[in-house]
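K.L.:
Give me coordinates for this.
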Amino acid sequence: MDTLTFSDLRRIQKDERNSNELTDLHEDFIVQANEYLERKRENADNREFNSSKRVYNKIVALREQKVVKNARMALRSNIKASELNLLPR
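P.N.:
Residues are numbered from 1 along each chain as shown. Predicted coordinates:
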């Protein structure tokens, strides 16, 4: 994945919000997002940093909800957690 942008974060947020399943993210997404947020913080662009951080936090919250839902489903249906796309492979 190239350098992460605000548009990328918004697209990922939209995909995550519109899907009942966890969306596939690049395996370096967390690292890329952290680097992106650090750049925004260092540039002293508080408005863009705050907007980016809010979008990132929403992505994480949506994924957390799906992970919990999938874990409950796995407990009830004997599906292995490794089959639920919880983390990159």
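K.L.:
State the distance from the closest residue to residue 20 other than its chain neighbours to residue 35.
P.N.:
Spatial nearest neighbour of residue 20, excluding adjacent residues (Cβ to Cβ, 6 or more residues apart in numbering): residue 66 at 7.8 Å. All C-beta spots, glycine's among them, are computed from the backbone N, C-alpha and C. Distance from residue 66 to residue 35, counting by Cβ to Cβ, to the nearest Å: 24 Å.
K.L.:
neighbour-wise, which of these two wins?
P.N.:
Counted by other Cβ atoms under 10 Å, residue 66 and residue 35 do not tie: residue 66 has more neighbours, with 19 against 13.
K.L.:
Which strands or helices does the strand or helix carrying that one pack on?
P.N.:
Per DSSP states H and E, residue 66 falls inside helix 46-77. Secondary-structure packing of helix 46-77 (3 or more Cβ pairs under 8 Å, 6 or more residues apart in numbering; DSSP states H and E): helix 6-18, helix 29-42.
K.L.:
Figure out how far it is from the centre of its chain.
P.N.:
Computed by Cα atoms, centre = their mean, to the nearest Å, the chain-centroid distance of helix 46-77 equals 6 Å.
K.L.:
quick thing: my sequence starts at 407, can you match it?
P.N.:
Let's use 407 as the start, then, which means that last one is helix 452-483.
K.L.:
Taking helix 435-448 as reference, get the angle to that helix.
P.N.:
160 degrees (axes from the mean of the first three to the mean of the last three Cα atoms, to 10 degrees).
K.L.:
got the buried residues for helix 452-483?
P.N.:
455, 458-459, 461-462, 464-465, 468-469, 472-473, 476, 480 (16 or more other Cβ atoms under 10 Å).
K.L.:
same thing with stretch 429-449?
P.N.:
Buried, per 16+ other Cβ under 10 Å, within stretch 429-449: 429, 431, 435, 438, 439, 442, 443, 446.
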